[in-house]
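Asks: give me a model of this one.
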Amino acid sequence: MSTILENQTELGSVPLGAVSGSGEVTDAVPVSPPSSSQKPFEPGAALRLGRRQAWLDLQTSLPLILFDVAAAFLAVASVVVISYFNGEAISPLFVGGAIALVVWMQYLHGLYPACGVSYASEFGSIIRTWMVGTAAVGFALALRHTLANYPWAAWVAFSGTLFFSLAAVRPFARRLFSGFDWWAQPVVIVGNGEDAKRLFTRLERSRHEGLRPAGIVFDPNRYLMFTIENSGDDASIGGSSGPNLTQLEKSEWKAEASQVAALRDESRSRFNPVARQLRERSRWLGSVNDLESILFRTGACRVAIADSSSDCLRNFRAFHGIPHVMLPMQANQHPTIRARLAEKDNAIELHCHTALTCPKALVAKRFVEMVLVLGTLPLWVPLLAAIGVVIKICDPGPIFYKQTRVGRFRIPFYALKFRSMVMDADKKLKKYLDENPEAMKEWEATHKLRKDPRVTKIGQFLRKTSLDELPQLWNVMMGEMSLVGPRPIVDSGDYDREYIQNYPEVFELYQMVRPGITGLWQVSGRNNTSYEARVFFDRFYLHNWSLSLDVFILWRTIKTALFREGAC
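Replies: Numbering: from 1, shown residues only. Got it, this is the predicted structure:
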């Protein structure tokens, strides 16, 4: 067995493992951590960080402001064009005022720079901006017109264009600028081992939220221990009680140890060019004792604590003067979108709020859904008829397929779908699974098959476009389903029984609502995700439900259906 203990090297910038001069992992004895402790920032240093944070916020906000101005200008332009054809002139003051109002509302809703904000939360703020902007423009137009000659076309055009343009340009702008380091603000991660690496990876994958990892600083009082077999086949963190490392992770850590060893042989000076290059390549920046110098060196004004049991959480004084500090919480599976923190009796309280059973919210949800379903009746009824005719021609047999699903209060109901499978589907599935062990594993893991032999040719098209679920609009009208909600489950021994037995806390919430035609799982990868991920999305939706979240999911459903994301 070989043991590597991370500690602060003489270079002061990377953790040093017990390695030989050739870079091989060797035996080592524990090294005592430094006795020095992190000191609070000097007032001057804290003020410099504050000024730098203001500059970083401006850099991140400006591109978003420009795109929002373009979206607002497009909406105002629709009013100008329609008014022009009606023989009316629009004042430049109206144009400038409408654009300024949109930008100001986005600012008040915290969308500049909105670092670390998910698109779902951002979308809720966009809806509030849209509502204020639509109401303000409607009022401004009413001041110049009577009810008889009110420019309804111009107002509707402004409302629709503003909503779609704001909702579309935001994710586009974030994706466009996410690859630029000057736009995504750097975050210094404080942590040791797997938690720090996991947070590093998460920030790197979510740069579109305006944050990127600058690197990791380690706590020398909680240094990391690796136990690596001489054969190199196994590794673990923190001894036998820690989580296992994968082969890839083990190789990464051994490679970093080899780099440190090679650097140590060449020079021990922190000013050596080779040392500087290694620091630039390595995710490890140094010890938390050097946090102040590391922040100024990396240009970061944000710190994220990776380990929820870290001593840093009990000594926030060490982070006084840092503009943004992210602290992990051991609480999980709680409502988060409407959660707030409060300090009471010298303790921090987490206040969680859910609207899942609020009568007013439920009535509003049902009212909006019925308006949408009945209002679009002339569109989807002819489409239902056309698809039914095509199914009858291509594959004689029943047009619709109904299956018993678990509804609200665990009352079963028949969910309608267009038939997309052959008539003897169950027999064909059993035969296929018996002859294909790999397919059996896929079925047991996800309860779905990417290459399902039961699906007809027209059924493949209907499934990829999600048109097979269009008849469920009838279920919505009957009050059995909602437009948006958790995916309806099947209470059977070989399908969704796992949902009921293994996730009883989620199933309890599931029974409080109507299942939905679409939902968070459908717009978050659908069949590209695991069954466990589906349950996670249901839990998140049920904990954090709101009308704005429903509108966001409906908006994303359009994109998912058009691009056939996650379809099989």
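Asks: residue ranges with poor pLDDT in the stretch 251-400 of the chain?
Replies: The model of the stretch 251-400 of the chain has pLDDT under 70 over residues 251-282, 310-314.
Asks: can you pull out the helices in it?
Replies: For the stretch 251-400 of the chain, the helices defined by DSSP state H, counting those that start in this stretch cover 273-281, 291-298, 359-375, 377-394.
Asks: only C-alpha atoms, please: export the shortest one in CSV.
Replies: So the one you mean is helix 291-298. This file holds the C-alpha atoms of helix 291-298, laid out as CSV (Å, rounded to 0.1, in the frame of the first residue of the first chain):
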residue,chain,number,x,y,z
LEU,A,291,-6.5,32.9,0.3
GLU,A,292,-6.1,36.7,0.1
SER,A,293,-3.1,36.5,-2.2
ILE,A,294,-4.8,33.8,-4.3
LEU,A,295,-7.9,35.9,-4.8
PHE,A,296,-5.8,38.8,-6.1
ARG,A,297,-3.7,36.5,-8.2
THR,A,298,-6.6,34.8,-9.9
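Asks: need the helices of the stretch 251-400 of the chain in JSON lines with mean neighbour count and distance to residue 75, can you?
Replies: The C-beta positions use only the backbone N, C-alpha and C, and glycine is treated the same way. Formatted as JSON lines, those follow (neighbours: other C-beta atoms under 10 Å; distance: least, C-beta to C-beta, whole Å):
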{"stretch": "helix 273-281", "mean neighbour count": "14", "distance to residue 75": "45"}
{"stretch": "helix 291-298", "mean neighbour count": "18", "distance to residue 75": "40"}
{"stretch": "helix 359-375", "mean neighbour count": "13", "distance to residue 75": "22"}
{"stretch": "helix 377-394", "mean neighbour count": "13", "distance to residue 75": "24"}
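Asks: I'd like the average pLDDT over the helix or strand where residue 539 lies.
Replies: Assessed by DSSP states H and E, residue 539 sits inside helix 531-543. Taken as a whole, helix 531-543 has an average pLDDT of 90.
Asks: also stretch 458-468?
Replies: For stretch 458-468, the mean per-residue pLDDT is 88.
Asks: quick one: that stretch to chain centroid distance?
Replies: Chain-centre distance of stretch 458-468: 27 Å, with C-alpha atoms, centre = their mean, to the nearest Å.
Asks: residues of that stretch that come out buried?
Replies: Judged by neighbour count using 16 or more other C-beta atoms under 10 Å, the buried positions of stretch 458-468 are 458-459, 461-463, 466-468.
Asks: in strands, which of the residues you listed fall?
Replies: Using DSSP state E, no member of these falls within strands.
Asks: now, the most widely separated pair of those?
Replies: 458 and 466 (14.1 Å; C-beta to C-beta).
Asks: follow-up on the earlier one: tell me which of the buried residues of stretch 458-468 is nearest to residue 340?
Replies: residue 466 (36.4 Å).
Asks: can I assume the closest one is in contact with residue 563?
Replies: No - in this structure, residue 466 is not within contact of residue 563 by C-beta atoms under 8 Å, at 11.4 Å.
Asks: can you give me how far whichever helix or strand residue 189 is part of is from the chain middle?
Replies: Element membership of residue 189, judged by DSSP H and E, is strand 185-190. Strand 185-190 sits 19 Å away from the centroid of its parent chain (C-alpha atoms, centre = their mean).
Asks: state the helix or strand in which the residue nearest to residue 119 when sequence neighbours are not counted lies.
Replies: Excluding its sequence neighbours, the residue lying closest to residue 119 (C-beta to C-beta, 6 or more residues apart in numbering) is residue 171, at 5.8 Å. Under the criterion of DSSP H and E, residue 171 resides in helix 152-177.
Asks: got it, and residue 136?
Replies: Per DSSP H and E, residue 136 falls inside helix 119-144.
Asks: output the contacting helices and strands for that helix.
Replies: For helix 119-144, the elements it packs on are helix 43-85, helix 92-108, helix 152-177, helix 547-563, judged by 3 or more C-beta pairs under 8 Å, 6 or more residues apart in numbering; DSSP states H and E.
Asks: other residues contacting the last one?
Replies: Contact partners of helix 547-563, identified using C-beta atoms under 8 Å, 6 or more residues apart in numbering, comprise 119-120, 123-124, 127-128, 167, 337, 361, 364-365, 368, 465-466, 483-484, 518-520, 522-523, 526, 541, 565-566.
Asks: got the buried residues for that helix?
Replies: 548-557, 560-561.
Asks: what angle separates it from helix 152-177?
Replies: With axes from the mean of the first three to the mean of the last three C-alpha atoms, to 10 degrees applied, the angle from helix 547-563 to helix 152-177 works out at 70 degrees.
Asks: what does the longest one give?
Replies: If you take the same axes, to 10 degrees, helix 43-85 sits at 140 degrees to helix 152-177.
Asks: residue 384 contacts residue 468, correct?
Replies: No - judged on C-beta under 8 Å, residue 384 makes no contact with residue 468 at a distance of 11.4 Å.
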